[in-house]
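Engineer: can't give you the sequence, but here's the structure:
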């Protein structure tokens, strides 16, 4: 990735396809043909510039349909032998879907066979990946077992959290100093010092982390902070009468959660956001799991954050590196897409229902994510143990 740019804010565009294979993943090692899904989360939604107050706006532009489909109802599961089986008629659809996006646990040997003699880099979303999706965002807490699993992974592999939450909030929730953190969908990154990056990019400055260690602070949308603050305050004021609405300021984006809002009031939420955005042409709307997010119109997303961190770690443009990205939401598709189109590594979607995705593999829920991470650590330990034994015999 070329990290050079001018000082002006780039325009939101679809990234150019990457044709050159950096890892040379052989086709018979891939779980499904590389054409991928037609899903695209990188394009922003066109916002009609009409006079505010017309609910027809959010109906005609598809916002309401997107809100209803953003978080499918969860299925009840029953135990059947060694599998979690959904107790409804969507069983066939889900298991058919898994033929295209097989379980990363069931495919673990295939993944690790390709990872031999390669340096693995781990990228993790937070909500819905390391923690369950809950009604109150402040209560989306990692379990102690999950924290331990992530800590152990970071002992063996470079590991980063890439989340829509603010970077400070992500660090507060995860609480591990061994990781790198990218908040606001990658618009606020703390990464290792790399002179090739820090000297060339105007939005990258030297800073210090919580332990006083010198790091690179990368914020490609820094100029938007006052605008996001202003929009956040307006959203709080304009939604205060809507029961259940929660507005969060993630520094470089603002989120409006409607998980606890009566569905009859969703059009009011959508229209409120629509009317505000008509005043801010440099901001755009994206959808998450029962959340509307207002972001700057800049050419930056979680996929570009992965590329930036790989370069900062000195792991880009190498055939001996295998990035693995695990996430559950639409914003994670940008990272899946980068790994798929660049033939660089594996995206793993966390979902208990069928979804179109650019990922290669799937995991059902955070419990399976923890199991996958723990399996990686055991595999790494076994490999090191075998190498140590071979060295003893060779002496």
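Structural biologist: Alright, I've got the coordinates. This one's a predicted model, so the numbers in the text were calculated from it and none came from an experiment. Numbers count the residues shown, from 1 in each chain.
Engineer: contacts, neighbours, all on C-alpha from now
Structural biologist: Fine.
Engineer: count of residues packed around residue 189?
Structural biologist: 27 (other CA atoms under 10 Å).
Engineer: that one reaches residue 167, doesn't it?
Structural biologist: Yes: under the criterion of CA atoms under 8 Å, residue 189 makes contact with residue 167 at 7.4 Å.
Engineer: shared neighbours of those two, anything?
Structural biologist: 181, 182, 183 (CA atoms under 8 Å, 6 or more residues apart in numbering).
Engineer: residues near the last one, how many?
Structural biologist: Same thing as residue 183. Neighbour number of residue 183 under other CA under 10 Å is 28.
Engineer: model confidence score at the residue nearest to it when sequence neighbours are not counted, please.
Structural biologist: Nearest residue to residue 183 in three dimensions, chain neighbours excluded: residue 167, at 3.9 Å (CA to CA, 6 or more residues apart in numbering). Residue 167 carries a pLDDT value of 94.
Engineer: OK, contacts around residue 167?
Structural biologist: 181, 182, 183, 184, 188, 189, 250.
Engineer: which one (most neighbours) among those residues?
Structural biologist: residue 182 (33 neighbours).
Engineer: is it in a helix, a strand, or coil?
Structural biologist: On the three-state scheme (DSSP: H, G, I helix; E, B strand; the rest coil), residue 182 is labelled strand.
Engineer: could you report the pLDDT at it?
Structural biologist: Residue 182 is given a pLDDT of 96.
Engineer: same question, residue 342
Structural biologist: 82.
Engineer: then residue 199?
Structural biologist: Reading off the model, residue 199 has pLDDT 47.
Engineer: if I look at residue 182, how far off is residue 236?
Structural biologist: Note on residue 182: its distance to residue 236, by CA to CA, to the nearest Å, is 25 Å.
Engineer: which strands and helices sit next to the host helix or strand of residue 147?
Structural biologist: Per DSSP states H and E, residue 147 falls inside helix 144-156. Counting contacts by 3 or more CA pairs under 8 Å, 6 or more residues apart in numbering; DSSP states H and E, helix 144-156 is packed against helix 366-394.
Engineer: rounded mean pLDDT for the helix it packs on, please.
Structural biologist: 80.
Engineer: pLDDT weak spots in the chain?
Structural biologist: 1-61, 70-90, 194-201, 210, 385-395 (pLDDT under 70).
Engineer: how about a cut-off of 50?
Structural biologist: Filtered on pLDDT under 50, the chain yields the residue ranges 1-29, 31-53, 75-87, 198-199, 389, 394-395.
Engineer: SS state for the residue positioned nearest the centre of it?
Structural biologist: For the chain, the residue nearest the mean C-alpha position is residue 332 (3.5 Å; CA atoms, centre = their mean). Secondary structure for residue 332, judged by three-state DSSP, is helix.
Engineer: right, and it touches residue 305 too?
Structural biologist: No: using CA under 8 Å, residue 332 is not in contact with residue 305, being 10.8 Å away.
Engineer: picking that back up, now the residue nearest to residue 183: phi and psi?
Structural biologist: The phi and psi values for residue 167, taken as degrees, to the nearest 10, are phi -60, psi -40.
Engineer: surely residue 322 is in a strand?
Structural biologist: Yes: the assignment for residue 322 is a strand, going by three-state DSSP.
Engineer: ok so, going back, got the contact list for the residue nearest to the centre of the chain?
Structural biologist: Per CA under 8 Å, 6+ apart, neighbours of residue 332: 125, 302, 303.
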